[in-house]
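Peer 1: Have a look; sequence and predicted model below, questions after that.
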Amino acid sequence: MKKSKTYICIDFKTFFASVECVERGLDPFKTNLVVADPSRGNGAICLAVSPRMKEIGVKNRCRIYEIPNNIKYITALPRMKKYIEYAANIYAIYLKYIAKEDIHVYSIDESFMDVTKYLPMYKLTAEQLAQNILNDVLKNTGISASVGIGTNMFLTKIALDILAKHSLNNIAYLDEQLYKDKLWNHRPITDFWQIGRGISTRLEKYNIFDMEGITKINQEILYKEFGINAEYLIDHAWGKEPCTIAQIKAYQPVANSLSTNQVLFKDYNFNQTFLVLKEMVDLMCLQLVDKNLVSDKISLSIGYSKDIIKSSGGTVKMTVRTNSHLLILPYFIDLFNKTTSKKHFIRTIGIGFNNVVSDEYEQFDLFTDYKSVEKEKRIQNTINLIKNRYGKNSIVKAIDLDEDATTIKRNKLVGGHNAE
């Protein structure tokens, strides 16, 4: 018989906002505070709102204009480096109790832990161990958290997301039977991990509105509708999840890729976006060189303002496998010109490199000017050396000084938000 496992998942309450309150010596549960950048306009997204704000009805990730005018609050500019610093300190506290091999960091403020072997060692229940960790974090950082406990990672996450918020001690537990008893008929179904509005809409076609409904329908219908992803839906409907933290850590992707995306600071026209595209390609090529990687396939994605028209872009297989900006940029320019609308404003742009492998496998075609490529590579390596030593903005190209360029400003950001 397979031995049962026990997992815990810790999630810090509106992490960014709680950090800002603690830094100001304020109680997050008594303070109205939002983390947002008003310079981006009244439509700027609030990265987090304090627990007190949530308590009075303000939703996390709302836009500034959605906050009722009668609510007075503190606006804190995002400080991503500060949040990373807190997250690192919290992870160090985890390591006092659990080995890194048994911790899976899911996001900056949420982590899974396999505590199966630690419970008999500490002679504690999972709830007691979780509470000890929470108390240690609160004492040393001032940050509060909620905890889900379960017999697999899915149930742990569901206990956290749906039940812990209604628990007096912010800790909730689920096994397969409790899951069926408490949540099989829970609605909306979008409250469940990995079920978004798109999946729920497709389920509604078959009159499925809760997890029990998934268990009742013929599985062939689900596989026809969702393909291989139906397997996850069916397993989760029954409260099953075979994946373990050890398997996550051992996972090796079949193929590798590198990509970058940005939401433009304002609506850009075709020519302005073309400028940003060239900046992004230059930076990504430098990244490939720095990591000693090459690629033979590129991708482009363009999103239009207010979703007036469907996003455009595509993928192109190159005749070379390289990290040379000289060789790669023409492919992006051609794809951009062929697929991007010249009549509509643009708000998002993303580029990617697929089939990424070691530069040992660099390959050129008959038309490649090898001397130019080698000269460029020496320049790229020198640029990377300067940037790595003195900072990203220590050396920039003339194109980056254009008023519509974004590189210099984005180099001061972390995750697209203020670093300091």
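Peer 2: Perfect, I can see it now. Numbering: from 1, shown residues only.
Peer 1: which residue ranges form the strands in the stretch 1-150 of the chain?
Peer 2: Secondary structure of the stretch 1-150 of the chain by DSSP state E, counting those that start in this stretch: the strands cover 7-12, 33-35, 48-49, 74-76, 103-107, 110-114, 145-150.
Peer 1: would you list those strands in TSV and tack on mean pLDDT and distance to residue 326?
Peer 2: Any C-beta I mention is one placed from the backbone N, CA and C, and that applies to glycine too. Shown next, in TSV, are the strands of the stretch 1-150 of the chain (pLDDT from 0 to 100; distance: least, Cβ to Cβ, whole Å):
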stretch	mean pLDDT	distance to residue 326
strand 7-12	97	46
strand 33-35	95	42
strand 48-49	94	43
strand 74-76	95	44
strand 103-107	96	38
strand 110-114	98	42
strand 145-150	97	50
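Peer 1: With mean neighbour count as added columns, please give the ones you listed in CSV.
Peer 2: What follows is the strands of the stretch 1-150 of the chain, written out as CSV (neighbours: other Cβ atoms under 10 Å):
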stretch, mean neighbour count
strand 7-12, 24
strand 33-35, 26
strand 48-49, 26
strand 74-76, 17
strand 103-107, 15
strand 110-114, 22
strand 145-150, 26
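Peer 1: For residue 350, which of those strands is the nearest?
Peer 2: strand 103-107 (20.5 Å; Cβ to Cβ).
Peer 1: Using CSV, write out every CA atom in the closest one.
Peer 2: Output of strand 103-107 as CSV, limited to C-alpha atoms (Å, rounded to 0.1, in the frame of the first residue of the first chain):
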residue,chain,number,x,y,z
ILE,A,103,10.4,22.9,-0.5
HIS,A,104,8.9,24.0,-3.8
VAL,A,105,8.8,27.8,-4.2
TYR,A,106,5.6,28.4,-6.2
SER,A,107,5.8,32.2,-6.3
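Peer 1: Tell me what angle that strand forms with strand 7-12.
Peer 2: On the basis of axes from the mean of the first three to the mean of the last three Cα atoms, to 10 degrees, strand 103-107 is oriented at 40 degrees to strand 7-12.
Peer 1: is it possible to export the strands of the stretch 1-150 of the chain to a markdown table including distance to residue 308?
Peer 2: Listed next are the strands of the stretch 1-150 of the chain as a markdown table, based on distance: least, Cβ to Cβ, whole Å:
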| stretch | distance to residue 308 |
| --- | --- |
| strand 7-12 | 37 |
| strand 33-35 | 29 |
| strand 48-49 | 30 |
| strand 74-76 | 31 |
| strand 103-107 | 32 |
| strand 110-114 | 35 |
| strand 145-150 | 40 |
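Peer 1: which one of those strands lies closest to residue 177?
Peer 2: Using Cβ to Cβ, the nearest of these to residue 177 is strand 145-150, at 11.9 Å.
Peer 1: Can you tell me the number of residues neighbouring residue 397?
Peer 2: 14 (other Cβ atoms under 10 Å).
Peer 1: That one: what's it in contact with?
Peer 2: For residue 397, the contacting residues are residue 282, by Cβ atoms under 8 Å, 6 or more residues apart in numbering.
Peer 1: How confident was the prediction at it?
Peer 2: We have a pLDDT of 92 for residue 397.
Peer 1: Residue 177 now?
Peer 2: As predicted, residue 177 sits at a pLDDT of 97.
Peer 1: That one: how many residues sit nearby?
Peer 2: A count of nearby residues for residue 177, using other Cβ under 10 Å, gives 10.
Peer 1: Now do the host helix or strand of it against strand 145-150, angle only.
Peer 2: Assigned by DSSP states H and E, residue 177 belongs to helix 176-183. Using the same axes, to 10 degrees, the inter-axis angle of helix 176-183 relative to strand 145-150 is 120 degrees.
Peer 1: Show me what helix 176-183 is packed up against.
Peer 2: The contact analysis (3 or more Cβ pairs under 8 Å, 6 or more residues apart in numbering; DSSP states H and E) places helix 176-183 against helix 153-158.
Peer 1: next structured bit after the helix it packs on?
Peer 2: strand 171-174.
Peer 1: Buried residues, that following strand. List them.
Peer 2: By 16 or more other Cβ atoms under 10 Å, the buried positions in strand 171-174 come out as 171, 172, 173, 174.
Peer 1: need the contact list for the closest residue to the first one other than its chain neighbours.
Peer 2: The reference is to residue 171. Excluding its sequence neighbours, the residue lying closest to residue 171 (Cβ to Cβ, 6 or more residues apart in numbering) is residue 147, at 4.5 Å. Applying Cβ under 8 Å, 6+ apart to residue 147 gives the contacts 8, 9, 10, 11, 130, 134, 160, 164, 170, 171, 172.
Peer 1: again with residue 58
Peer 2: Taking Cβ under 8 Å, 6+ apart, we find residue 58 in contact with 34, 49, 66, 67, 68, 71.
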